[in-house]
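> model the structure of this input:
(one chain, ligands or ions: 3)
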Amino acid sequence: MSALKHLAIIMDGNGRWAKQRGKMRTQGHREGIKTLREITKWCAKNHIAYLTLYAFSTENWNRPQTEVDFLMKLLEKYLIKERQTYLQNDIRFKTIGDMRAFNDPLKQTIQALQADTAHNTTLTQILALNYGSKDEIKRACEKIIQTQAYKHTSDTLKLIESHLDTQGIPDVDLLIRTGGEIRLSNFLLWQASYAELFFTPTLWPDFAPSELAEIIAHFKQRDRRFGGL
Ligand code: IPE
Ligand code: IPE
Ligand code: MG
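Ligands and ions are numbered 1, 2, ... in the order given. Predicted coordinates for the structure are as follows:
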C-alpha cells in the first residue's frame with residue numbers, strides 16, 4: 001500500500017467545458033471554482049495532508065487580458081468568500097509562485113487568509129499562483145547566489161530544496177491532470193520527480209470526489225520502488 005501525503009492536481013478543462021455548452025469560457029472558470037471547493041473539502045475529510053492545485057501558471061499571462069482580469073477577480077472573490085470553509089474544515093492556506101506580479105488587493109487577500117489559517121492542521125491547501133517550475137528554480141538559484149548561501153553548506157540538494165517555494169513540504173506522491181492533455185505544463189518538475197502520474201479526460205468542472213477516490217484507490221495499489229527492487 002502506497003502512502004498518500006501530498007496530492008497535486010492540474011485543474012484543466014474549464015474552457016472546453018464551457019464551449020461544449022455554448023457558454024463563455026468565464027462560465028467554465030466559475031464552475032471550476034465549485035469543483036475546487038468540493039475537492040478541497042473532500043481532501044480535508046479524508047486526511048490528505050497536502051493538496052497542491054495549479055490555478056494560474058507563469059504562461060497563463062499569455063491569455064487575452066479580459067480572461068486574465070476575470071481570473072484575478074474570481075480568485076480574489078473566492079479567497080474572501082471561502083474564508084469560512086478554511087476555518088470550519090481546519091484547512092491551512094498557502095501559495096507557491098511569485099506573488100509580486102499581483103495587484104495590492106489580491107496580495108493583501110492572500111496574506112490575510114494565510115495568516116488567519118496558519119494554525120490549521122488537518123489539510124494544507126497550496127494554490128499555485130503565477131507559478132512555473134522553471135521560474136521557481138530560477139528564483140531559488142538567484143537567492144542562493146545573492147546571499148552566497150552556497151558557501152556555507154555541504155549539502156547542495158538540501159540547499160536548493162530549502163530555497164524552493166515548497167520548502168518544508170514533502171514531495172508529491174500523486175499528480176493528477178484533468179482535461180485530457182498528457183503534459184505537465186511547467187508544474188512541480190522538481191517536486192514531482194518521483195510522483196505517480198494520472199491523466200483523466202474528465203474536464204475539471206465535472207471532476208467529482210468519487211473519481212478522485214477511484215484514482216487514489218488505484219494509486220494505493222501501485223508499487224513505488226524509487227529505484228530499488
Ligand atoms: C484551466 O482551464 C484553468 C486555468 C488555466 C486557469 P483552461 O482555461 O485551461 O481550460 P481549457 O484547457 O481551455 O479547456
Ligand atoms: C495548465 O493549464 C495551467 C493550469 C491549470 C493553471 P493550461 O491550460 O494553461 O496548460 P496548456 O496551455 O494546455 O499547457
Ligand atoms: Mg487548459
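> okay, now whichever residue of the chain sits closest to ligand 1: neighbour count?
Closest contact between the chain and ligand 1, by CB to the nearest ligand atom, is at Gly15 (2.8 Å). Every C-beta, even on glycine, is put in place using the N, C-alpha and C of the backbone. By the criterion of other CB atoms under 10 Å, Gly15 has 21 neighbours.
> look up how far Ile144 lies from it.
38 Å (CB to CB, to the nearest Å).
> hey, what's the residue nearest in space to the middle of the chain bridged with?
In the chain, the centroid-proximal residue (CA atoms, centre = their mean) is Leu53; its distance is 2.2 Å. Note on Leu53: beta-bridge partners by DSSP bridges are Ile9, Leu127.
> do stretch 22-30 and ligand 2 meet at all?
No: interface with ligand 2: stretch 22-30 contributes nothing (CB under 6 Å from any ligand atom), its closest point being 10.5 Å away.
> pull up the residues of this protein that are close to ligand 2.
When proximity is defined by CB under 6 Å from any ligand atom, the chain lies next to ligand 2 at 10-12, 54-57, 60, 181, 183, 185.
> quick check: longest helix of the chain.
Assignment by DSSP state H gives helix 25-45 as the longest helix of the chain.
> who's in contact with Ala44?
Neighbour list for Ala44: 89-91, 122-123 [criterion: CB atoms under 8 Å, 6 or more residues apart in numbering].
> need the contact partners of the helix or strand containing Thr85.
Counting by DSSP states H and E, the element that carries Thr85 is helix 83-88. With contacts defined as CB under 8 Å, 6+ apart, helix 83-88 is touched by 37, 40-41, 91-93, 113, 116-117, 120, 125.
> among those, which lie within helices?
37, 40-41, 113, 116.
> among the residues you listed, which ones are buried?
40-41, 113 (16 or more other CB atoms under 10 Å).
> for the residue nearest to Ala192 when sequence neighbours are not counted, give me the pLDDT.
Spatial nearest neighbour of Ala192, chain neighbours left out: Val172 (4.2 Å); criterion: CB to CB, 6 or more residues apart in numbering. If you check Val172, the pLDDT there is 98.
> quick revisit: closest to ligand 2 among the buried ones among the ones in helices among the contacts of helix 83-88?
Thr40 (15.5 Å).
> test my guess that that closest one contacts Ile91.
Yes: taking CB atoms under 8 Å as the definition, Thr40 is a contact partner of Ile91 at 6.7 Å.
> tell me, what's touching the two both at once?
85, 123, 125.
> quick one: secondary structure of Glu211?
helix (DSSP: H, G, I helix; E, B strand; the rest coil).
> quick one: buried ones out of the shared contacts of Thr40 and Ile91?
123, 125.
> closest to Asp206 among the contacts of helix 83-88?
Relative to Asp206, the closest of the contacts of helix 83-88 is Arg37; by CB to CB it sits at 14.6 Å.
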